[in-house]
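J.: Pasting the sequence and the predicted coordinates here, then a few questions.
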Amino acid sequence: MQDQKRSKKKKLGIVLSVVLFVIILLLLTYIFEPFSFIKYLKGLYNENRGNYMVAEAYYSQTPDFLDSDEHLDYVQRELNYASAVEKMKLGEYKDAAALFAQAKGLKDSAELGAACSYKVGTDYERSGDYTNMLTYLWAAGDYKDALDITGDYLRRINCHVVDADWYNTFAVTDEGRVLVAGGNAEGQASVEDWEDIVSISGHESFTIGLKSDGSICYTPPLDGNNDIWNYSDKFDTVFSNNNIVDITNSGYHVVGLKSDGTVVGAGPNTAAYIDSNSWSDIIAVDTGIEHTVGLKNDGTVVAAGNNKNQLGEEAGQCNVKSWTDIVAISAGNYHTVGLKSDGTVIATGLNDVIAFEDGNEDPLRGYAGQCDVEGWTDIVAIATGSFHTIGLKSDGTVVATGDNYFGQCNISTWKDIIAVYAGEWTTIGLKEDGTIRITGLNLEGSRNVSGFSNIQMPGSY
């Protein structure tokens, strides 16, 4: 009997010892190392009473403890919201916009942040600082007419009032109609009924016009009979939202820039544009045959698509990641060119010309030099054809490099030019009097532009 009592006492002692050990361990964990539990409770107490600054101090001392990090995030957003409201009352809208962004998801921070961003963006617009204007109006999203303002600006700086392809030259008049020279075998020149056009893009027997309201028109219809596209109504779906500000057409894919700085694409050559769907803060786009390039608002450049030439060799037309301080871009078939703010030019990609003759499986290849732009200075605009590059100088003269088989680089006598454009094998200069100069390939009368006049000045619609 006595042994049984002693055994029970021993077992009870063991249990009590274990319980005491657990209690001591909890005390060490939550109180003494280093008082995390108490600080956490003090944080909760002050948070519930609205003393967010005090709560922040306690939560900051208990990282990774229970859900203290979530509470810390919440009280910091409350503090940012309160600070933003005060800044807004003081008229310090830029600071307020930044603070409302840090209070994301709290109360009406999104609406108030958009209002502050809009105010800052429109102030920058009035001062002529369009880079910052875009940054803040894009942040404002669909608040008031923010996207209308960005859309109008981007359409003005990107409008291509002249373009050319193998068989045609196009020009937009100051009345928004389209002039055309050349053939119409595929219906690509059936533009006589188009109105209110601000930009034109023709390539490989497919022509697209951008209207001032952000909608597009195109010819010929994509009804499955077009031997280049063989495409259907997806094109209309992609470009039906009427907020396109720039559009570029390679003949195998079309890319559009939207007023919010994002990019959409369509066409059978999906690989050439699909990665561009995730781009943001873009102010200009251009397309080569198998690649797409975008200029960002901060002067950097992004690229998507194939980085090889038509023989499958590495060419490098998408190697633009290191580019900075860029103000304009242009894409040739397999090369990319950027204009820097100091008037110099940078280029990457294929520096040869590669062509296949009918009935000959072996390509003709030779040095062309379309990327040889290192010595160019005082440049204010650029353009690229298939295998040549054009630069407009501030004095109205023009420089060129690259393939000159069809005379597309014969521009040494040009002067008084205010804008330059390039087709595959053609170069065009727009003069201030609304007429154009043209040199290069003349298939089906594509260079017969002597009757072109009253061409719209870029950005003047």
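T.: Arrived safely, thanks for sending.
J.: I'd assumed residue 353 was in contact with residue 365.
T.: Yes: proximity of residue 365 to residue 353 meets the contact threshold set by Cβ atoms under 8 Å, at 7.0 Å. For glycine as for every other residue, the C-beta is placed from the backbone atoms N, C-alpha and C.
J.: Between the two, point out the one with more neighbours.
T.: residue 353 (22 against 12; other Cβ atoms under 10 Å).
J.: how close does the more buried one get to residue 270?
T.: 27 Å (Cβ to Cβ, to the nearest Å).
J.: And for residue 130?
T.: When residue 130 is compared with residue 270 (using Cβ to Cβ), they lie 33 Å apart.
J.: Which one's more surrounded, the two?
T.: Set residue 130 next to residue 270 and count neighbours by other Cβ under 10 Å: residue 130 wins out with 19 against 12.
J.: Need the nearest residue in space to the more buried one, chain neighbours excluded.
T.: Leaving aside its chain neighbours, residue 130 sits nearest to residue 153 (6.1 Å; criterion: Cβ to Cβ, 6 or more residues apart in numbering).
J.: Help me confirm that the one you found comes into contact with residue 129.
T.: No: with contact defined as Cβ under 8 Å, residue 153 does not reach residue 129; the gap is 11.7 Å.
J.: So which of the two has more stuff around it?
T.: Set residue 153 next to residue 129 and count neighbours by other Cβ under 10 Å: residue 153 wins out with 19 against 14.
J.: same for whichever strand or helix holds that one, what does it pack against?
T.: Here residue 153 sits within helix 146-158, counting by DSSP states H and E. Packing partners of helix 146-158 (3 or more Cβ pairs under 8 Å, 6 or more residues apart in numbering; DSSP states H and E): helix 109-127, helix 130-140, strand 197-203, strand 244-249, strand 254-258, strand 282-287.
J.: after the fifth one, next one along is what?
T.: So the one you mean is strand 254-258. Next along from strand 254-258, by DSSP H and E: strand 263-266.
J.: Describe which strands that following strand pairs with in its sheet and in which direction.
T.: Using DSSP bridges, the strands paired with strand 263-266 are strand 254-258 (antiparallel).
J.: neighbours of residue 366, just the number please.
T.: By other Cβ under 10 Å, the residues close to residue 366 number 11.
J.: Specify the beta-bridge partners of it.
T.: residue 353.
J.: Tell me the spacing between it and residue 402.
T.: 11 Å.
J.: Give me the below-cutoff pLDDT ranges for this protein.
T.: Applying pLDDT under 70 to the chain picks out residues 1-13, 22, 24-35, 223-234, 356-363, 460-461.
J.: excluding its backbone neighbours, what's nearest the residue nearest the centre of it?
T.: Closest residue to the average C-alpha location of the chain: residue 282 at 2.4 Å, with Cα atoms, centre = their mean. Leaving aside its chain neighbours, residue 282 sits nearest to residue 294 (4.4 Å; criterion: Cβ to Cβ, 6+ apart).
J.: list the contacts for that neighbour?
T.: For residue 294, the contact set (Cβ atoms under 8 Å, 6 or more residues apart in numbering) comprises 257, 263, 276, 279, 282, 284, 285, 301, 302, 303, 329.
J.: and the residues you listed, which two are the farthest apart?
T.: Greatest spatial distance among those (Cβ to Cβ): 257 and 303, at 14.7 Å.
J.: Tell me which of the two has more neighbours.
T.: residue 257 (28 against 23).
J.: how close does the residue lying closest to the more buried one once chain neighbours are set aside get to residue 84?
T.: Ranked by Cβ to Cβ, 6+ apart and with sequence neighbours excluded, the top spatial neighbour of residue 257 is residue 246, at 3.9 Å. Distance, residue 246 to residue 84, using Cβ to Cβ: 34 Å.
J.: Same check on residue 321?
T.: For residue 321 relative to residue 84 (Cβ to Cβ), the value is 35 Å.
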